[in-house]
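Engineer: below is the sequence, then the predicted model.
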Amino acid sequence: MKYQIGAAVAALALALVPSPVSADPASNSVLATGYVSATKILNGLDANFAAQKLRHTAATSHAFAVISFYPPDTYYPPDTYYPPDTYQPIACRAIAGAWNVAVYQNRSQATFDVLLKAAASNSCSLQFTRASVPNADGSSDLVSITFVKQ
């Protein structure tokens, strides 16, 4: 009986006190601003302009990006027509296409490091899920990552 009361008190304490043990991974999007290849840290800004430090690890899952292609509009002359682009700038759409090929071919982490560096140099938007517990240097490990519409 004494152990049941102690277990009930412990369960109640875990339910009432927030802790990193019961925290879920956070999913968010970020505008990539830099990628350091030596440390594999992706720097970026989230929707609230808060700086994010995300570590690309060997355990990171790479998801397919959704890319939309639109046919040209026949009502505008060709020299004034600008096709709608879901990945701004246009380079981000090309990088997202290369990303999808790399995901399909199950490429190594080094391939995705190059693509993340290109995404950061072109200020592409990325959607990610990070680990709930940050590392000692303040970065968070990436659980999954992909390109997202801006």
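Structural biologist: Right, received. Where do you want to start? Residues are numbered from 1 along each chain as shown.

Engineer: okay, now residue 90: neighbour count?
Structural biologist: 11 (other Cβ atoms under 10 Å). C-beta here means a position set from N, CA and C on the backbone, and glycine is covered the same way.

Engineer: cool, residue 146 as well?
Structural biologist: 19.

Engineer: just residue 40 next, same as before
Structural biologist: Neighbours of residue 40 using other Cβ under 10 Å come to 19.

Engineer: give me the nearest residue to it, chain neighbours excluded.
Structural biologist: residue 56 (4.5 Å; Cβ to Cβ, 6 or more residues apart in numbering).

Engineer: can I assume that neighbour is in contact with residue 116?
Structural biologist: Yes: using Cβ atoms under 8 Å, residue 56 makes contact with residue 116 at a distance of 6.3 Å.

Engineer: need the overlap of contacts for these two.
Structural biologist: 42, 145 (Cβ atoms under 8 Å, 6 or more residues apart in numbering).

Engineer: neighbour count winner among the two?
Structural biologist: residue 116 (26 against 23).

Engineer: so what's that one up against?
Structural biologist: Applying Cβ under 8 Å, 6+ apart, we find residue 116 in contact with 32, 35, 42, 56, 126, 145.
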